[in-house]
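Asks: Model the structure of this input:
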Amino acid sequence: MVRAPLVNFRRFQITAPWPLVWTVTGLFLLFRSIVAAVRLAVFAVRHWRAWPAVALVLLAVDTYRSHGWWPHLLVMGVLAAAGGVWWWRARESFHRLVVLRAVSVWRRLWVYRRQWHEVMSLCGLVKKYDGGEKLPELLSVRCTYATDELVLRMPKGQNPEVYHKAARDLAYSFGTRHCRVFSGRPAAPHRTGRLAWLLRLVDRVRFRDRPRHVWLRFIRRDPLTRIVKPLPVPARPDFTALPLGLREDLATYCLRLLATHVLIGGATRMGKGSVIWSLLRSLAAGIRSGLVRVWAIDPKGGMELSIGRALFSRYVDDDWHRMADMLDQAVTRMRTRQRALRGKVRVHTPTVDEPLIVIVIDEVAALLAFLPDSDVRQRITQALGLLLTQGAGLGVLVVAATQDPRKEVVSVRDFFPTRIALGLVEKGHVDLILGDGARDRGALADQIPRSAPGVGYVLLDGQPEPARVRFSFIPDDVIRDMAATFPAPPEAQPEPVDTPAPVKPAPTNGNGRHTYRPTPPKQAAPLLPPSLLNALDLNGTTNGSDPR
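Replies: So this is what the prediction gives:
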């Protein structure tokens, strides 16, 4: 028995029942409709910022059809007048909320979106998969006066290191000279006020960790080419955020000094003094009140720090032994605090009675590698090692500067948690200061020109990528005025004590036993001939007293 085929191609007849065919077709179309609706909803949610613009366009078209052009002209005149008043009365908020947002929209559409596929392909950031291309997705563009911050979603199979390597290519492709890559989102701001609990809930979602997101910061106008003027002196220093300079995104760079040590590395005349004096300026109010005690060591004979002598509770610049004694006294102070705080707290809280002690060393390499006296050099190395390994939590901090960060020169380099890299001479010095791979992540400290002293790279909290900053320049007149206005309270500084010479061990005869060798007695006066002795006796007095 021969069965009829399912489909008769000659007559195009289907022997299957029609209700089953229509049911399968209807279910398939229903499924495709649901998928399309879900995709449309996801697209609308992702582009929620475009809703007001779409609504305004639809409203403008409907108004034009009903009333013509005159309502649009009236609305534009009212908006222009309101914008002019807003710009006149509150210029900063007008620029932040209107001008910068308009610039962001314009640069997103014209500069980045228009050539996005071309640039990503030429820079090697496009992935091939299943016969198609996977591009990094541009999520948002936020412009400031100097920078453009882009948020990308990486395609699967990429990591931030790829964007670090392509940073320079991306910068020149989009018409800038610098591109900074960040793999972590900035920390959530500190919220205060009645609605702080609600804002914290929003920040928990807004600032959550997104491993596939990358932040690109293009420097449209470099604000670090100009000298940063001295920042105002805080009324009370905040040891977790001391203002020292300006970042490349025009934000104030604040250093966290509490419970850390700071190492400053840079070539000659590249701004190490700017970092030190900016730090002292931010601590000036605490220095005058006694909350901070600065002990300064200037191995260069006072050429850098002596101009602000009144700011220092203790100061040495001309005696290696006194420098070693100062560090030994700091270790003694640290030991005393250890015994007092043991079992009570883990981090010392500065007070006037127990102030924060900051030891400033202008050129630490002179003490650790080039000191002629080996015994004093050994004392200084041991004291610095103890302070760097134990003093951070006890309020005894070290701020040191050096020109050569090599291990054989600065043997205690690895004990500094916070590091600042100014203009350096060699590429390898960048990783020695900031850590391995810092230059690959964008810290081009060896390319800082000589005409830009005070520009450097630092590591911010919560971000593995270094940030580019410029420290404020403090002129000599400002330093003298600061020393006269914020002098340190007097502190009893012990006098230097002469260290007795080490006693040489007695010689032995080879079997471990000491050999007794009598020492000839020392004569009180040189030997004289008898004729002179008789002459001195003749000049004696009759009452038996000593001769004249």
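Asks: Quick one: the strands in the stretch 51-200 of the chain, in order.
Replies: For the stretch 51-200 of the chain, the strands defined by DSSP state E, counting those that start in this stretch occupy 127-129, 132-134, 137-143, 147-153, 179-182.
Asks: Would you tell me which of these gets closest to residue 475?
Replies: Residue 475 sits nearest to strand 147-153 of all the strands of the stretch 51-200 of the chain, at 28.8 Å, using Cβ to Cβ. Every residue, glycine included, has its C-beta placed from N, CA and C.
Asks: Give me the helices and strands touching that closest one, please.
Replies: Counting by 3 or more Cβ pairs under 8 Å, 6 or more residues apart in numbering; DSSP states H and E, the packing neighbours recorded for strand 147-153 are strand 137-143, strand 213-219.
Asks: hey, which of these is tucked in deepest?
Replies: Ranked by mean neighbour count, these are led by strand 213-219 with a mean of 22 (mean count of other Cβ atoms under 10 Å).
Asks: List the pairing partners of it within its sheet, with orientation.
Replies: Paired with strand 213-219 in the same sheet, following DSSP bridges, are strand 147-153 (antiparallel), strand 179-182 (antiparallel).
Asks: avg pLDDT for that strand?
Replies: Computed over strand 213-219, the mean pLDDT rounds to 92.
Asks: same deal with stretch 480-495?
Replies: 82.
Asks: Identify the residues contacting that stretch?
Replies: 233, 280-281, 284-285, 287-288, 290, 293-294, 307-314, 325, 329, 474 (Cβ atoms under 8 Å, 6 or more residues apart in numbering).
Asks: again, 6 Å this time
Replies: Applying Cβ atoms under 6 Å, 6 or more residues apart in numbering, the external contacts of stretch 480-495 come out as 284, 287, 288, 290, 308, 310, 311, 313, 314.
Asks: ok, now which ones touch the fourth one?
Replies: When contacts are counted by Cβ under 6 Å, 6+ apart, residue 290 touches 352, 355, 489.
Asks: Leaving out chain neighbours, which residue sits closest to the second one?
Replies: I take that to be residue 355. residue 293 (4.7 Å; Cβ to Cβ, 6 or more residues apart in numbering).
Asks: The first one too?
Replies: Nearest in space to residue 352, with sequence neighbours left out and distances taken as Cβ to Cβ, 6+ apart, is residue 290 at 4.7 Å.
Asks: how near is the nearest residue to residue 459 once chain neighbours are set aside to residue 421?
Replies: Closest residue in space to residue 459, ignoring its immediate chain neighbours: residue 466 at 5.6 Å, by Cβ to Cβ, 6+ apart. Residue 466 is 7 Å from residue 421, where distance means Cβ to Cβ, to the nearest Å.
Asks: hang on, the earlier thing: format the helices and strands packed on strand 147-153 as CSV; extra columns: distance to residue 263.
Replies: Formatted as CSV, those follow (distance: least, Cβ to Cβ, whole Å):
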stretch, distance to residue 263
strand 137-143, 33
strand 213-219, 26
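Asks: Of the ones you listed, which is nearest residue 34?
Replies: With Cβ to Cβ as the measure, strand 137-143 is the member of the helices and strands packed on strand 147-153 nearest residue 34 (24.4 Å).
Asks: what distance separates the closest one from the centre of its chain?
Replies: Centroid separation for strand 137-143 versus its chain: 25 Å, with Cα atoms, centre = their mean, to the nearest Å.
Asks: Run the angle between that strand and strand 147-153 for me.
Replies: Here the directions of strand 137-143 and strand 147-153 differ by 160 degrees (axes from the mean of the first three to the mean of the last three Cα atoms, to 10 degrees).
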